[in-house]
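>>> fold the following, please.
(chains A and B)
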Amino acid sequence: MQIKITTWNINSIRLRMPLVAQFLNVHQPDILCLQETKCRDSEFPGSEIRKLGYEYLAINGQKGYHGVAILSRLPLDDVDRIAFCEKGDARHIAASFSVDGRSIRLHNFYVPAGGDEADPVKNPKFAHKISFLDEMHRLAVNEAITENDTIMVGDFNIAPFEHDVWSHKALLKVVSHTEVETQKLKLILSEGRWIDTLRQFTPLEDKLYTWWSYRAPDWAKADKGRRLDHIWTSRSLAPHLSGIEILRDARGWERPSDHVPVTLNLNF
DNA sequence: ATGGCTGATTATATCAGA
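Below you'll find the model as predicted:
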């Protein structure tokens, strides 16, 4: 059987619920992981989502900022929310689902953006991002996670490789592509023996973006994108990976998010 | 031309995003 898992930074679930409904109806993922839902759990449009066939919801929201959620057609168990950096931010949610008789653990992250200046002394937001990555490292190299069927998705807010940004040279000092961030993310990737599935299916020398700034007058023409959204899997899932899709078209929808849906297909 | 825009907030300016 085939399973589709999508991650999408929605930048307000309440504002963009019509786009979510359109996406679910057309693309029919089994699981949709959202970031930047920007609302309390009590304000989350759960009944509308259930009517679309996504009966199982795991949400971790807060007022106005951040917020993550997992929408699923498959039953979800063992929901967990890790409070990274003890800030009270809603930036993580995990749940397990079953497919082909095996239990798969799914972690959904919203890594801090990190502010403007890539200096943890001058910029507390960048210090927070670094601390978050250090805590994420401890979690993601733990054998209890890496030696089991696990998927980590989300808006990691880091474009780790040269062709994950429109210009490597122009962005080396821009938060999301600085050396300290890309090295930390690559270390998690290698020490945890994760598979970076978007790059598994796209050569490193090909440009790959999932986000385009709102500020470009013509985002498609300028095409100054970055790959900030990720889907990583444990080694154990390697034989089951069948493809990825980045829905670039979604950036051109009416009142779009600045991120587009990113999907992994698995076969069991 | 990496902020030129966008979204949330008990708002009519400020913060955050990246």
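>>> what ranges do the strands span in chain A?
A:2-9, A:31-35, A:56-60, A:68-72, A:77-80, A:92-99, A:102-110, A:150-155, A:195-196, A:211-212, A:225-226, A:229-233, A:241-246, A:262-267 (DSSP state E).
>>> the ones you listed: which one's closest to A:V175?
Comparing the strands of chain A by their distance to A:V175 (CB to CB), the top pick is strand A:225-226, with 10.9 Å. Any C-beta I mention is one placed from the backbone N, CA and C, and that applies to glycine too.
>>> can you tell me what sits against the closest one?
Residues from elsewhere that reach strand A:225-226 (CB atoms under 8 Å, 6 or more residues apart in numbering): A:A159, A:D164, A:V165, A:W166, A:L171, A:S176, A:H177, A:K207, A:Y209, A:T210, A:W211, A:W212.
>>> tell me if that strand is near DNA strand B.
Yes: using CB under 7 Å from any atom of the strand, strand A:225-226 reaches DNA strand B at A:R226.
>>> check the offset of that strand from the chain's centre.
Its chain's C-alpha centre lies 14 Å from the corresponding centre of strand A:225-226 when counted by CA atoms, centre = their mean, to the nearest Å.
>>> same check on stretch A:89-105?
Distance, centroid of stretch A:89-105 to centroid of chain: 14 Å (CA atoms, centre = their mean).
>>> quick check: end-to-end length of it?
End-to-end distance for stretch A:89-105: 22 Å, by CA to CA, to the nearest Å.
>>> please apply the same query to stretch A:203-215.
29 Å.
>>> not counting it itself, show me its contacts.
Residues contacting stretch A:203-215 (CB under 8 Å, 6+ apart): A:9, A:161-166, A:198-199, A:202, A:219-220, A:222-229, A:246, A:248, A:251, A:258-260, A:262.
>>> now it: average pLDDT?
Regarding stretch A:203-215, the rounded mean pLDDT is 96.
>>> is DNA strand B within reach of that stretch?
Yes: shown here: stretch A:203-215 in contact with DNA strand B (CB under 7 Å from any atom of the strand) through A:W211, A:S213, A:Y214, A:R215.
>>> A:K186 against A:P160, yeah?
Yes: taking CB atoms under 8 Å as the definition, A:K186 is a contact partner of A:P160 at 5.5 Å.
>>> and A:N25, what does it touch?
A:L52.
>>> what's the separation between it and DNA strand B?
A:N25 sits 21 Å away from DNA strand B, going by CB to the nearest atom of the strand, to the nearest Å.
>>> mind giving me the packing neighbours of the helix or strand of chain A with the lowest mean pLDDT?
Least confident helix or strand of chain A, by mean pLDDT, DSSP states H and E, is helix A:143-146 with a mean of 83. Packing partners of helix A:143-146 (3 or more CB pairs under 8 Å, 6 or more residues apart in numbering; DSSP states H and E): none among the helices and strands.
>>> for that helix, what is the distance to the chain centroid?
20 Å.
>>> ok, and for that helix, which residues are buried?
A:I145, A:T146 (16 or more other CB atoms under 10 Å).
>>> can I get it in CSV, CA atoms only?
Written as CSV, here are the backbone C-alpha positions of helix A:143-146 (Å, rounded to 0.1, in the frame of the first residue of the first chain):
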residue,chain,number,x,y,z
GLU,A,143,19.1,5.4,19.2
ALA,A,144,15.6,5.0,20.6
ILE,A,145,14.6,7.2,17.7
THR,A,146,17.1,6.4,15.0
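>>> identify all contacting residues around that helix.
A:R105, A:L139, A:A140, A:G192, A:R193, A:W194, A:S234, A:R235.
>>> the first one and A:E147 touch, don't they?
No: with contact defined as CB under 8 Å, A:R105 does not count as touching A:E147 (11.2 Å).
>>> the two - which one has more neighbours?
Set A:R105 next to A:E147 and count neighbours by other CB atoms under 10 Å: A:R105 wins out with 19 against 12.
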